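> Starting from these lines, generate the structure:
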Amino acid sequence: MARWAFAASVIIAIVMGLVVGLMANIASLHLLDSNVRNASTDVTLILLILGIVVGLISVTAKEVTPFLIAAIALIVASVSNVWSPLYNGTLDLLYYWATEILSYIVAFCAPAAVIIAIKSLFAMERTK
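Numbers count the residues shown, from 1 in each chain. Coordinates of the predicted model:
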């Protein structure tokens, strides 16, 4: 079940990142448009729930470190302003696609990373 949740999350993040990014590019107020915000909120909520599910049931002890490193890298990339050069009037759509896809992937990874880190701390404490 966790593999399906993970695969579904990645697919949802990419597809909905493309859809919401296109909506934001077309909207007159871009990401401030209420339709774009509502769609983005719904997608984020679904991905948060899937992230909690994956965090609770999927990652083995062997996969903890690689998963947490990947989650940290994604979260750092999402808060950096690396995509801002694309927001120049001609590449706006690429900017919206990149930022939306990355924010959705982080919405999935962040709760999973928190749960996995807490589980890892408890496992370390049990082994002492």
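> what are the ranges of the helices in this protein?
Assigned by DSSP state H, the chain shows helices spanning 2-26, 34-57, 64-79, 92-127.
> Kindly calculate the angle that the lowest-mean-pLDDT helix or strand in the chain makes with helix 92-127.
Confidence across the helices and strands of the chain bottoms out at helix 2-26, with a mean of 84, counting by mean pLDDT, DSSP states H and E. Helix 2-26 runs at 150 degrees relative to helix 92-127, counting by axes from the mean of the first three to the mean of the last three Cα atoms, to 10 degrees.
> which other helices and strands contact helix 2-26?
helix 34-57, helix 92-127 (3 or more Cβ pairs under 8 Å, 6 or more residues apart in numbering; DSSP states H and E). (Each C-beta comes from the backbone N, C-alpha and C, glycine too.)
> I'd like those as TSV, with mean neighbour count appended.
Listed next are the helices and strands packed on helix 2-26 as TSV, based on neighbours: other Cβ atoms under 10 Å:
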stretch	mean neighbour count
helix 34-57	17
helix 92-127	18
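> As TSV, these with distance to Trp83 would be great.
Converted to TSV, those look like this (distance: least, Cβ to Cβ, whole Å):
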stretch	distance to Trp83
helix 34-57	16
helix 92-127	5
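> If we go by neighbour counts, what in the least confident helix or strand of the chain is buried?
Residues 5-6, 8-10, 12-13, 16-17, 20-21, 23-25 are the ones in helix 2-26 that count as buried (16 or more other Cβ atoms under 10 Å).
> ok, of those residues, which one's closest to Asn35?
Met23 (6.6 Å; Cβ to Cβ).
> wait, the closest one sits on Arg37?
No. Met23 is beyond contact range of Arg37, at 10.0 Å (criterion: Cβ atoms under 8 Å).
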